[in-house]
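Participant: mind looking at a prediction? Sequence and model below.
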Amino acid sequence: MAEDNDAVNQAFNARQAFWSKWGAVHPDVIAPIINPTFSGGPRWPSFRQSWRVVRRGPLTLVASDGLSDHFEDEKPPSSTGFGLEFFALTADRLDAQIQRTWLFELVFQCSQLAASNRRIRPMLEQLGTISTQVYGVDAPDEWKTDDGSVGLLLNLHDTRPDAIGSTMSLPLGKALAVNVKMLTRLELQFIAANGERGRADVAQKLVSLGDIHGSSVSRRSVVSPPQ
């Protein structure tokens, strides 16, 4: 048990060091009072589910924390769990408590998606970026599809020197730092209609905007409405 706790703490500290290179990490994590695993939710590697808040000037970042813990039944601890953590950031003003914002909800829903589907990291390694849809995000109506879901593009890379890196080094190996980018309804529809080529086209256009990792409810679509 002590060895397990040491491994979890070491991974926790390594992730904190990773985010500290980018901004000021809030000393407290966001964690549910009752672990969702015990009410039918997906199980995280060490059961511990939490999220960090990091700030840099006008930017607010939310990151999952625990998806890259070792699996609880590993004796001795030997892996980085699902091998990834998600993050989303914005320069938008967030008036509500962070856990009640669309920014947090993006990362929360991606976290639970990965915890219920271990193929997320292999898919990212194979395809580079993937698109998906999640529910339960309190984004403006114009960002939602007819069924209430929100489109996302996962794993855009920003290679500028002061940007967030794509991998984090943990005591038991490396984990991906996966950006969550909110897509407009038109962008999601374009990807759905054009498949891999459409996803690559949208990704390239988003990168060209410069704010590669950021999401904003005021961002204009990089895809025009069909004529």
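Facilitator: Yep, that arrived.

Participant: and the longest strand along the chain, how far out from the chain's middle?
Facilitator: Counting residues, the longest strand found in the chain (DSSP state E) is strand 173-183. Computed by C-alpha atoms, centre = their mean, to the nearest Å, the chain-centroid distance of strand 173-183 equals 5 Å.

Participant: other residues contacting the helix or strand that comes right after that strand?
Facilitator: The helix or strand immediately downstream of strand 173-183 is helix 185-208, counting by DSSP states H and E. Outside of helix 185-208, the residues within contact range by C-beta atoms under 8 Å, 6 or more residues apart in numbering are 127, 129-131, 133, 142-145, 151, 153, 156, 181, 183, 212, 221-225. (Glycine included, C-beta is placed from N, CA and C.)

Participant: ok, 7 Å please
Facilitator: Residues from elsewhere that reach helix 185-208, judged by C-beta atoms under 7 Å, 6 or more residues apart in numbering: 129, 131, 142-143, 145, 151, 153, 156, 181, 212, 221-223, 225.

Participant: coming back round to it: okay, the angle between the longest strand of the chain and helix 185-208?
Facilitator: On the basis of axes from the mean of the first three to the mean of the last three C-alpha atoms, to 10 degrees, strand 173-183 is oriented at 120 degrees to helix 185-208.

Participant: tell me what strand 173-183 is packed against?
Facilitator: For strand 173-183, the packing partners by 3 or more C-beta pairs under 7 Å, 6 or more residues apart in numbering; DSSP states H and E come out as strand 84-90, helix 102-116, helix 120-127, strand 150-154, strand 167-170.
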